[in-house]
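1. Here is my input, please return the structure:
(2 chains)
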Protein chains: 2
Amino acid sequence: MKAVLIIADGLGGRPTDVSGKTCLEAAQTPNLDELASRGVIGLVDPIAPGIRPGSDTAHLSLLGYDPYQVYAGRGVFECLGIGMSVQPGDICFRANFATVTPDEDGFIVEDRRAGRISSGQHELAEALNAISLEKSVGVEFDFRASTQHRGALLLRGKQLSPFVTDNDPHESGKKAIAFQPVVGHDDEVACRTATAMNELVSYSYEVLHDHPVNQQRQRAGEHPANYILARGASILPYLDPIETLYGVRGAVIAGGALYRGIALACGMERIDAPGTTGGLDTDLASKAKTVLEALRRLDYVFLHVKGTDNAAHDHDAKAKTAFIERIDAELVGPLMEDIDWERTHLAFTGDHTTPIDYGDHTAEPVPVLFVGPNVRQDSTIAFGEREASRGGLCRFSGRILPMLFNYNNWNPKFGS
Amino acid sequence: MKAVLIIADGLGGRPTDVSGKTCLEAAQTPNLDELASRGVIGLVDPIAPGIRPGSDTAHLSLLGYDPYQVYAGRGVFECLGIGMSVQPGDICFRANFATVTPDEDGFIVEDRRAGRISSGQHELAEALNAISLEKSVGVEFDFRASTQHRGALLLRGKQLSPFVTDNDPHESGKKAIAFQPVVGHDDEVACRTATAMNELVSYSYEVLHDHPVNQQRQRAGEHPANYILARGASILPYLDPIETLYGVRGAVIAGGALYRGIALACGMERIDAPGTTGGLDTDLASKAKTVLEALRRLDYVFLHVKGTDNAAHDHDAKAKTAFIERIDAELVGPLMEDIDWERTHLAFTGDHTTPIDYGDHTAEPVPVLFVGPNVRQDSTIAFGEREASRGGLCRFSGRILPMLFNYNNWNPKFGS
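-> Numbering: from 1, shown residues only, chains lettered A, B, ... in the order given. Model (predicted):
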């Protein structure tokens, strides 16, 4: 048997127009509707009713883990997703290039995203990684650039603590904040970690500001990427590997580092689909093709699509609706065509609701569908929030991957 | 945005008559039906399926707390609800006046409710509070009378324990029981607490029996309120304040001390609506008016109505149905008229099922409705147990307040 899990980020919505429909309900999705009519649908609270999920905690929950037990911050998943080898004890951060100007006793953040720098990031990262921390003896670090200004940062050494605050002021024109031990965790180890981070970001300006990449940016009137902002300090959590739990092997296909990182932490392998961007311009047909190829070799594939959430964060109902229609036509269509439906179960859902008006995650449950030979088909004939509330799955919380695997009879018995 | 939560105590029911309808289904509720047709409905298990809730644990769960984590007895909420200032370490009891006659080595409880005494209670309480415990040096107490025979009692001092049993024999004609340490917690501190309580109730007879209020009662052929029964020893639990969790401020409007106490423990302020009795004779129009006034100043209001439960405990289907019709006409109607529906979400539900035949709480889920601009309206057109099972919310457990606040985009994100 084979299994496919598709998560469209921020899929759920609230009524957006005079018709009272959500983007998913308004979108023309003949393929998803066909799968709904062949399968069973319902509503899933990504974590629990009334809990407003982050993307990281929602994914952990949908993959079958209890985020209240295992979640220890986002940074580690970003590091893993970018391809860094995280070891127990490493302190991981989400990090990005920013533009600062020196102040008498610090730095003013002019642009938190360094003009959304789109080339030269890897050379800048290389220059940064060449320095060594002189005051923080024994502490090593690694910064990796990913898309645009984004990246991840890892601190390695004896006696480091994840209990340090961020340096990101979250607003332009404000001073970069000094890293500090988290209140209540201000022991020697956290102090040492904060000192190392402060030394590192202070060096980052020295190394980056006059780097040729930035000299050229300044000549072109662009913001120099001359500083590092870091947040979300976290260590590697222990997640029971999916292969240990269910005895099956699978892969993640995702444009966003976070989603790859979570899947890698669960023991999936990473497959990159050509043309994947983690945005609205991603190549969905390439993703479909890559899923089908991976299924030949592996037991299951987890495919993540990010554009739905991006459009919703931008308050763009048209773009969200159009992207859902693209998912239906360019991703779901080809999969329907070529999947071996006698031997495969597929789940399609979102990781949370992102309403257009609000432009951020909310707690409402998300529609989910399961299709394949073992599901108890219901009488629904379309895929959408309201239709899902009438589906055969009713409403439940998280654990989509275990439910999908269960249809393949892969799950261990609890008890005897 | 504004939010209104209305809980009608013991709202849920079982079929009561040949028509097979519950009281809620039998009641004419055009306003609730209209809200159901504008909004979304479903079934809520106040704590979890099959768990038979108390009013206290159900309210904690509906307000978003885990009663298995935070519940530590009812007494503290009664003390808070009556207006006592409870401090960490205080031992709180539900307490009430009773009528006893001395026995050779104790007291026989003749009437557990002292003839439902309806005047003079506060003078009796004053007399009681004037005494000091001679054997239990350093232990202070405070008894407050509320409605009829009811009240609350607070013990304060160093080294007191909530692990003491009750003195209420729960049956007339039986001997009042001596307070004792709870088995397994019978340390010196619990012994000291039990001794103080035994001394206190023993004094209560001495002080109360010949009090002018009771002399007059006896002349009138009424039972004297000459003894204190106390139960439900508990300490102040830590509940994350709602303002800390969601950044919003609100108030409770409730006739019953318990409900006010729970809300106060969550950080709500208390507003008293004139004419509120906590019974079937309460002034519902006054409650509606008070809600609307409070909404001008505060972010949210939690309104509690008790009469539904009282009628059900009295096995009175007619009274329960009639009270539901009064809620619909006198409370919901005026609110519908005057609430600013473009900026307000409202939730209406019960805290548990109280079937007429059984006359006490049972575990069946309770219908709930949410209405306001952000809800995903469903196709239901009436408010009742069976209609709710077809609603867009399906079925879930507890957490009504977080779900209501989510529609207002007030909830913190868990994760990132």
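2. Can you tell me how far the nearest residue to A:A329 once chain neighbours are set aside is from B:V164?
-> Once flanking residues are discounted, A:A329 sits nearest to A:N31: 7.1 Å by Cβ to Cβ, 6 or more residues apart in numbering or on different chains. For the C-beta atoms, the positions are set from N, CA and C on the backbone; glycine is no exception. As judged by Cβ to Cβ, to the nearest Å, A:N31 and B:V164 stand 66 Å apart.
3. The two: which is more packed in?
-> Legend: neighbour count by other Cβ atoms under 10 Å in any protein chain shown for A:N31 and B:V164, higher for B:V164 (29 against 21).
4. ranges for the strands of chain A?
-> Along chain A, counting by DSSP state E, strands occupy A:2-8, A:40-45, A:52-53, A:91-103, A:106-111, A:140-145, A:150-156, A:227-234, A:250-253, A:269-270, A:300-305, A:344-350, A:366-371, A:395-397.
5. what would those look like in a markdown table with mean neighbour count, distance to chain B and mean pLDDT?
-> Putting the strands of chain A into a markdown table (neighbours: other Cβ atoms under 10 Å in any protein chain shown; distance: least, Cβ to the nearest Cβ, whole Å; pLDDT from 0 to 100) gives the following:
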| stretch | mean neighbour count | distance to chain B | mean pLDDT |
| --- | --- | --- | --- |
| strand A:2-8 | 25 | 15 | 98 |
| strand A:40-45 | 25 | 6 | 98 |
| strand A:52-53 | 26 | 4 | 98 |
| strand A:91-103 | 25 | 8 | 96 |
| strand A:106-111 | 18 | 19 | 94 |
| strand A:140-145 | 21 | 19 | 96 |
| strand A:150-156 | 25 | 14 | 95 |
| strand A:227-234 | 25 | 7 | 95 |
| strand A:250-253 | 24 | 18 | 98 |
| strand A:269-270 | 14 | 21 | 97 |
| strand A:300-305 | 26 | 16 | 98 |
| strand A:344-350 | 25 | 14 | 98 |
| strand A:366-371 | 28 | 11 | 98 |
| strand A:395-397 | 18 | 4 | 98 |
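6. who wins for proximity to B:P212 among those strands?
-> strand A:52-53 (59.2 Å; Cβ to Cβ).
7. Give me the contact list for the closest one.
-> Defining contact as Cβ atoms under 8 Å, 6 or more residues apart in numbering or on different chains, one finds that strand A:52-53 is touched by A:46-47, A:61, A:351-352, A:361-363, B:406, B:411-415.
8. from the chain's centre, how far out does that strand sit?
-> Relative to its parent chain, strand A:52-53 has a centroid offset of 14 Å by Cα atoms, centre = their mean, to the nearest Å.
9. Quick check: neighbours of it in the sheet, parallel or antiparallel?
-> Next to strand A:52-53 in the sheet, as set by DSSP bridges, lie strand B:413-414 (parallel).
10. residues from chain A in reach of chain B?
-> A:14-15, A:20, A:22, A:42-43, A:45, A:47-58, A:67, A:71, A:74, A:232, A:355, A:357-358, A:360-364, A:385-386, A:389-390, A:394-395 (Cβ under 8 Å from any Cβ of the partner chain).
11. Pull out the buried members of the residues you listed.
-> Neighbour counting over the residues of chain A next to chain B (16 or more other Cβ atoms under 10 Å in any protein chain shown) leaves A:14-15, A:22, A:42-43, A:45, A:47-58, A:67, A:71, A:74, A:232, A:355, A:358, A:361-364, A:385-386, A:389-390, A:395 as the buried ones.
12. Narrow those residues to those in helices?
-> Per DSSP state H, helices hold the following members of those: A:S55, A:D56, A:T57, A:A58, A:P67, A:E385, A:R386.
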